[in-house]
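Chemist: Here is my input, please return the structure:
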Amino acid sequence: INAAKRTRFVYMVNKLPGPAAYPIVGNALELLVPRQKLFEAFDKRSKLYGPLFRVWAGPIAQVCLTRPEHVEVVLRDTKHIDKSLVYSFIRPWLGEGLLTGTGARWHAHRKMITPTFHFKILDIFVDVFVEKSEILVKKLQSKVGGKHFDIIHSSLTVLWILSVKLQWESK
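Modeler: Residues are numbered from 1 along each chain as shown. The predicted structure follows:
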């Protein structure tokens with residue numbers, strides 16, 4: 001039964017546009033580029049194959065979405081929330097939570113956190129987001145015309161979250 005399911009899965013995924021894949025490694029060799037070039041590689045594929053395409057990382061299919069309306073459909077689905085095999089590698093580090101969880105536990109975590117991100121609640125943090133965005137813009141403006149540099153997105157996110165947390169606690 002598993003072999004039949006896998007065969008059908010591969011058949012269906014391969015109906016999506018995407019680059020031809022090599023046996024065993026899939027498209028993994030094409031993605032062995034410097035980290036700075038990875039976005040460019042996916043952007044190039046998006047222009048070549050359209051807003052929804054697939055790549056194979058070995059035996060693991062990755063469906064890439066580039067339009068917000070496509071991402072919204074996936075994120076709003078509460079039935080098909082099983083995580084890919086890739087998540088099994090980060091689960092020991094992050095634990096079972098909103099990012100890595102599935103099923104009843106995921107629903108419970110999502111139910112707890114959803115009110116936190118209601119638009120009216122987020123309105124009180126707009127000033128903090130604007131302030132931190134202006135800091136980022138100033139930092140980026142100082143790099144214009146210079147060499148390539150690495151932006152660490154997570155540090156900006158942490159900075160925002162920390163600012164929001166501190167502002168919340170101060171009220």
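Chemist: Domain ranges for the protein, per the record?
Modeler: Domain segmentation of the chain under automatic domain parsing yields 1-76, 83-115, 118-171.
Chemist: Using CSV, lay out these together with mean pLDDT and mean neighbour count.
Modeler: All C-beta atoms are positioned from the backbone trio N, CA, C, and that covers glycine. Below are these laid out as CSV (pLDDT from 0 to 100; neighbours: other C-beta atoms under 10 Å):
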stretch, mean pLDDT, mean neighbour count
domain 1-76, 90, 13
domain 83-115, 74, 12
domain 118-171, 68, 11
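Chemist: Run the chain-centre distance for the helix or strand containing residue 89.
Modeler: Assigned by DSSP states H and E, residue 89 belongs to helix 87-94. Here helix 87-94 shows a centroid-to-chain-centroid distance of 15 Å under the convention C-alpha atoms, centre = their mean, to the nearest Å.
Chemist: Show me what stretch 30-42 is in contact with.
Modeler: 19, 55, 57, 64, 148, 150 (C-beta atoms under 8 Å, 6 or more residues apart in numbering).
Chemist: wait, I meant stretch 52-72
Modeler: By C-beta under 8 Å, 6+ apart, stretch 52-72 touches 9-10, 13-14, 16-19, 21, 24-28, 30-31, 42, 45-46, 51, 74, 84-86.
Chemist: one more time with 10 Å, if that's ok
Modeler: Residues from elsewhere that reach stretch 52-72, judged by C-beta atoms under 10 Å, 6 or more residues apart in numbering: 6, 9-10, 12-28, 30-31, 41-43, 45-47, 49-51, 73-75, 84-86.
Chemist: taking those one by one, which sit in strands?
Modeler: Among these, no member falls in strands (DSSP state E).
Chemist: What separation do you get for residue 16 and residue 2?
Modeler: From residue 16 across to residue 2, the span is 22 Å (C-beta to C-beta, to the nearest Å).
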